[in-house]
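Enquirer: sharing a model prediction with you, sequence too.
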Amino acid sequence: MIEFSLNTEIQCPIQEVVRKFTDRSLFPLWQPGLVSSEKITDTSKRQYKLVFQFGRRKMIMTETIEQDQLPEEYICSYEMKGIFNRVQHRFEDSGHGTTRWKCTHEFRFKGVMNLVVRFMYVDFHKQSQIIMNNFKRFAEQGAQV
């Protein structure tokens, strides 16, 4: 298992950050490689099929919204073959039109991924930081999206 936390300050009011963070039609603007997001269940734990394309490599995963109490807490999990990732997002108004965003990641692995993960820790951390930085830049754009 891998666990780590990331933090950033977003130069944008919390209401705007949450709006942009939850608008699924905007996801491709800040999530690299996202091709589609299709709702597959609409129960208390909404689920989506996410398809990512990186060159010729296609990744399909299931996203489950486990808890939605934004802006205080938003917990979602992502599953694909051999990998489970739970992310807890917390947003706080840090004053003067800025928002503090904290993400806590938990990765668990099965099968061959248990062996490979020892060499990939930095990659999981780096990819999570890239997504956080992408959203920060996107949220701070002056134009209303």
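Expert: Happy to help now that I have it.
Enquirer: C-alpha from now on. contacts and neighbour counts both.
Expert: Fine.
Enquirer: contacts for the helix ranked longest in the chain, please.
Expert: If you go by DSSP state H, the chain has its longest helix at helix 121-140. By Cα atoms under 8 Å, 6 or more residues apart in numbering, the residues outside helix 121-140 that reach it are 2, 4, 6, 8-12, 16-17, 20-21, 29-32.
Enquirer: so which of those residues belong to strands?
Expert: The members of the contacts of helix 121-140 that map onto strands under DSSP state E are 2, 4, 6, 8, 9, 10.
Enquirer: the fifth one bridge partners, please.
Expert: This means residue 9. Beta bridges link residue 9 to residue 100 when assigned by DSSP bridges.
Enquirer: I figured it hits residue 100, correct?
Expert: Yes - if you go by Cα atoms under 8 Å, residue 9 and residue 100 touch, sitting 4.6 Å apart.
Enquirer: burial measure for residue 32, as a count.
Expert: 15 (other Cα atoms under 10 Å).
Enquirer: mind listing what it touches?
Expert: Contacts of residue 32 (Cα under 8 Å, 6+ apart): 52, 131.
Enquirer: so which bits of stretch 77-89 are buried?
Expert: 77, 78, 79, 83, 84, 85, 86, 87, 88, 89 (16 or more other Cα atoms under 10 Å).
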